[in-house]
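Visitor: Take this sequence and fold it.
(one chain, ligands or ions: 2)
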Amino acid sequence: MSIWIVPSILSADFTALGEAAQAAESGGADAIQIDVMDGHFVPNITVGIPVVAALRQRIRLPLDVHLMIEEPARYVDAFIEAGADILTVHVEADRHLHRTIQHIRQRGIKAGVALNPATPPEAVEYILPDVDLVLVMTVNPGFGGQAFIETMLPKIRRLRTMLDALGRSDVPIEVDGGINAETAPRVVEAGARWLVAGSAVYASPLGVAGAIQHLRQRAEDALARVS
Ligand SMILES: O=C(CO)[C@H](O)[C@H](O)COP(=O)(O)O
Ligand SMILES: [Fe+2]
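Guide: Ligands and ions are numbered 1, 2, ... in the order given. From the prediction side, this is the model:
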């Protein structure tokens, strides 16, 4: 499975979001993550459906929408109609996760499940046969620029083992939070393949394209070591 570098626009200049997303697209990103926060599930409020729809007009890459909202099923159809290609919902936010995941996939896009740092891997055990990706939060969701939580490395390894045991070796583990040139190789060695990076892309002295290229190089070198 190949490495994906997925810039999160959370750390971009919000007065020039279109240009920021285009810089990631032309800079070699594999997808763009849009972080949706509702002020309930997480203590922050960001962007929503109209921003996904606006970016869809300018971006051809997959739009990876990370829903940090309570009861996400209420908004799944609206985000799909706005142009999301991947919708990820938190296991902690949805009482009827299986129904929501099934619905997202029936509508023809990819469905992901996300876990907060304190949530054990077993919390998603019975949804693993039904998801297209697993998103391991490597910081507490809500803000960009936080430090990577080291104890997420064994959790990534455990989830990789659980997926492989189900014959789901094709399902990627995505990591989100504190991913930079130092942590990228370590999460890849643990089994992650999709790397979300906000501040390491948009606040990098290398520029957006340079930062994406540097992260990819570090991640691919690590992948070559483990495969
Ligand atoms: O979901 C998120 C925060 O809840 C963001 O995607 C994530 O924090 C990216 O920012 P950084 O790479 O700076 O940690
Ligand atoms: Fe995110």
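Visitor: From Val47, how far off is the spatially closest residue to Pro72 that is not a sequence neighbour?
Guide: Counting by CB to CB, 6 or more residues apart in numbering, Pro72 lies nearest to Val89, which is 4.3 Å off, once chain neighbours are set aside. Placement of C-beta: from N, CA and C, glycine included. To Val47, Val89 is 17 Å away according to CB to CB, to the nearest Å.
Visitor: next one: phi and psi at the residue in the chain that ligand 2 sits nearest to?
Guide: Closest to ligand 2 within the chain is His66: 3.8 Å, counting by CB to the ion. Main-chain torsions, His66, degrees, to the nearest 10: phi -100, psi 100.
Visitor: Mind giving me the packing neighbours of the lengthiest helix in the chain?
Guide: Assignment by DSSP state H gives helix 207-226 as the longest helix of the chain. Secondary-structure packing of helix 207-226 (3 or more CB pairs under 8 Å, 6 or more residues apart in numbering; DSSP states H and E): strand 4-7, helix 17-26, helix 184-190, strand 194-197, helix 199-202.
Visitor: what about these, which gets the closest to Thr100?
Guide: strand 194-197 (20.5 Å; CB to CB).
Visitor: any residue of that closest one up close to ligand 2?
Guide: No - on the criterion CB under 5 Å from the ion, strand 194-197 is out of touch with ligand 2, staying 5.5 Å away.
Visitor: Mind giving me the packing neighbours of that strand?
Guide: strand 4-7, strand 173-176, helix 184-190, helix 207-226.
Visitor: Turn those into CSV, columns for distance to ligand 2, mean pLDDT and mean neighbour count.
Guide: Shown next, in CSV, are the helices and strands packed on strand 194-197 (distance: least, CB to the ion, whole Å; pLDDT from 0 to 100; neighbours: other CB atoms under 10 Å):
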stretch, distance to ligand 2, mean pLDDT, mean neighbour count
strand 4-7, 9, 99, 26
strand 173-176, 4, 99, 26
helix 184-190, 14, 98, 22
helix 207-226, 15, 98, 17
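Visitor: Would you format those as CSV with distance to Gly142 included?
Guide: Below are the helices and strands packed on strand 194-197 laid out as CSV (distance: least, CB to CB, whole Å):
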stretch, distance to Gly142
strand 4-7, 18
strand 173-176, 12
helix 184-190, 20
helix 207-226, 22
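Visitor: Out of those, the one nearest ligand 1 is which?
Guide: strand 173-176 (4.6 Å; CB to the nearest ligand atom).
Visitor: near ligand 1 at all, the closest one?
Guide: Yes - applying CB under 6 Å from any ligand atom, one finds strand 173-176 touching ligand 1 at Asp176.
Visitor: Kindly report the same for stretch 17-32.
Guide: No - against ligand 1, stretch 17-32 shows no contacts by CB under 6 Å from any ligand atom, the least distance being 10.9 Å.
Visitor: Can you dump the C-alpha atoms of that stretch in PDB for me?
Guide: Output in PDB follows, covering the C-alpha atoms of stretch 17-32 (Å, rounded to 0.1, in the frame of the first residue of the first chain):
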ATOM      1  CA  LEU A  17      -8.200  28.800   1.600                       C
ATOM      2  CA  GLY A  18      -8.600  28.100  -2.100                       C
ATOM      3  CA  GLU A  19      -5.000  29.100  -2.900                       C
ATOM      4  CA  ALA A  20      -3.800  27.000   0.100                       C
ATOM      5  CA  ALA A  21      -5.600  23.900  -1.100                       C
ATOM      6  CA  GLN A  22      -4.400  24.500  -4.600                       C
ATOM      7  CA  ALA A  23      -0.800  24.800  -3.400                       C
ATOM      8  CA  ALA A  24      -1.100  21.400  -1.800                       C
ATOM      9  CA  GLU A  25      -2.600  19.900  -5.000                       C
ATOM     10  CA  SER A  26       0.100  21.300  -7.200                       C
ATOM     11  CA  GLY A  27       2.700  20.500  -4.600                       C
ATOM     12  CA  GLY A  28       2.000  16.700  -4.800                       C
ATOM     13  CA  ALA A  29      -0.500  16.000  -2.100                       C
ATOM     14  CA  ASP A  30      -2.600  12.800  -2.400                       C
ATOM     15  CA  ALA A  31      -5.800  14.300  -0.800                       C
ATOM     16  CA  ILE A  32      -6.800  17.300   1.200                       C
END
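Visitor: No more questions from me, cheers.
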